[in-house]
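>>> Dropping a prediction and its sequence here:
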Amino acid sequence: MTDSRVRTEPLLYGAMRLGGTKTAESARAADVDEAEAAVNAALDCGITMFDLADIYRQGRSEAVFGAVLDRTPGLRERIVIQTKCGIRLADQDRPGRYDLRGPVIRQRVEESLTRLRTDVIDVLLLHRPDPLADPAEIAEALSALHRQGLVRQFGVSNMGAAQIAHLQRHLDVPLVANQLEMSLGRRGWVEAGVLVNTPAAATNGFPLGTLEHCVANGIHLQSWGSLAQGRYTGRQETPAEHATAQLVSTLARQKDTTPETIVLWWLQRHPARIAPVIGSTRPDRILACRDAVRRKPELSHDEWYALWVAARGAALP
């Protein structure tokens with residue numbers, strides 16, 4: 001497994017909805033059937049990288065994915081498995097929390113390997129920053145997992161440039177990915193670069209320089225929430241969303257593709273080479289995204305800006 005394989009994935013399938021309802025105690029056969037149909041649709045699109053996390057459906061997403069691997073001989077060798085650890089859900093008297101202590105990282109990885117029915121994780125992401133974490137302890141845990149062949153590569157999720165650089169100083173292995181919420185609906189990542197020296201910069205919230213840091217250091221940018229919860233391809237709630245959805249639909253007709261593809265192309269058109277993560281369980285919705293794998297983004301400079309301005313509901317500064 002090389003760094004280049006991770007960086008060049010144009011689209012990932014996110015398994016956060018696999019595994020049945022949140023209240024089910026265990027995954028059912030029907031949940032495995034649903035997962036298998038979703039995975040096959042993703043493969044039909046040309047997607048070969050699958051994004052999971054230990055907390056998705058309280059571990060059932062990983063469990064049903066592992067069951068799909070068991071059903072399909074040879075599938076494991078054809079795909080890249082990415083999972084995450086670091087978020088602990090509320091339980092008994094303990095609140096929801098972040099936990100990147102070294103022994104906990106190892107425990108969660110071993111549990112993920114068991115659920116996934118595999119002997120190696122291709123990419124492990126640290127799901128959220130833990131303010132109490134010791135970066136040297138994290139580095140020791142990750143290095144041990146790498147040496148022992150349990151994890152091939154590492155990355156982060158929801159971290160800014162300074163946090164990534166601080167952690168990397170302690171690591172011998174490179175961080176290869178950063179997964180952030182980025183979409184036509186959540187535009188802080190692109191707005192940060194143009195709101196400099198404006199009053200709005202103070203309320204943007206996205207850490208300026210994060211994209212640039214990732215690109216400069218070969219860290220693959222992945223976007224969760226990339227379809228903006230369907231607000232431009234389904235139901236709209238605001239005038240700006242309605243206007244943007246109309247433009248998305250018009251561009252889709254002109255380019256003989258789907259509205260979902262236009263929304264994903266808007267991310268992929270950025271020179272940072274953002275790889276969106278899609279997460280529907282419906283094969284038809286997954287297949288609607290296939291042109292985001294099979295075709296290069298066909299948005300002109302003006303079309304890309306037209307979508308941006310429509311979504312923000314106001315002219316650029």
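The structure has been received and is ready for your questions. Residues are numbered from 1 along each chain as shown.

>>> where's stretch 139-154 relative to the chain centroid, distance-wise?
21 Å (C-alpha atoms, centre = their mean, to the nearest Å).

>>> no no, stretch 95-113
Computed by C-alpha atoms, centre = their mean, the chain-centroid distance of stretch 95-113 equals 19 Å.

>>> For that stretch, which residues meet the burial criterion?
99-102, 104-106, 108-109, 112-113 (16 or more other C-beta atoms under 10 Å). Bear in mind the C-beta positions are built from the backbone N, C-alpha and C, glycine included.

>>> Give me the contacts around that stretch.
Contact partners of stretch 95-113, identified using C-beta atoms under 8 Å, 6 or more residues apart in numbering, comprise 52, 54, 59, 62, 83, 85-90, 119-121, 124, 126-133, 137-138, 140-142, 144-145, 150-151.

>>> mind listing the helices for the protein?
3-7, 29-45, 60-71, 102-116, 135-147, 161-168, 188-191, 201-204, 210-216, 239-254, 259-268, 283-287, 291-294, 301-312 (DSSP state H).

>>> Most tightly packed of the ones you listed?
Stretch with highest mean neighbour count among the helices of the chain: helix 259-268 (a mean of 26; mean count of other C-beta atoms under 10 Å).

>>> Going by contacts, tell me the helices and strands next to that one.
Applying 3 or more C-beta pairs under 8 Å, 6 or more residues apart in numbering; DSSP states H and E, one finds that helix 259-268 contacts helix 239-254, strand 275-278, helix 291-294, helix 301-312.

>>> Tell me the helices and strands packed up against the first one.
Counting contacts by 3+ C-beta pairs under 8 Å, 6+ apart, helix 239-254 packs against helix 259-268, helix 301-312.

>>> can you check the third one too?
Secondary-structure packing of helix 291-294 (3+ C-beta pairs under 8 Å, 6+ apart): helix 259-268.

>>> got the contact list for the closest residue to residue 269 other than its chain neighbours?
For residue 269, the nearest residue in space outside its immediate sequence neighbours is residue 297; the separation is 4.1 Å by C-beta to C-beta, 6 or more residues apart in numbering. The contact partners of residue 297, taken as C-beta under 8 Å, 6+ apart, are 265-266, 268-269.

>>> just residue 137 next, same as before
Residues near residue 137 by C-beta under 8 Å, 6+ apart: 101-102.

>>> if I look at it, how far off is residue 210?
Here the distance between residue 137 and residue 210 works out to 24 Å (C-beta to C-beta, to the nearest Å).

>>> swap in residue 167?
Distance, residue 167 to residue 210, by C-beta to C-beta: 13 Å.

>>> can you list residues touching both of these two?
Taking C-beta under 8 Å, 6+ apart as the contact rule, residue 167 and residue 210 both touch residue 159.

>>> Check the gap between the closest residue to residue 265 other than its chain neighbours and residue 77 for me.
If you skip the residues right next to it in sequence, residue 265 has residue 297 as its closest partner in space, 4.0 Å away by C-beta to C-beta, 6+ apart. For residue 297, the distance to residue 77 equals 30 Å [C-beta to C-beta].

>>> Now do residue 9, the pLDDT please.
Note for residue 9: predicted pLDDT of 88.

>>> ok, now which ones touch it?
48-49, 80, 220, 275.

>>> Save the residues you listed as JSON lines, and put in distance to residue 186 too.
Output for the contacts of residue 9, formatted as JSON lines (distance: C-beta to C-beta, whole Å):
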{"residue": "48", "distance to residue 186": "26"}
{"residue": "49", "distance to residue 186": "22"}
{"residue": "80", "distance to residue 186": "25"}
{"residue": "220", "distance to residue 186": "19"}
{"residue": "275", "distance to residue 186": "16"}
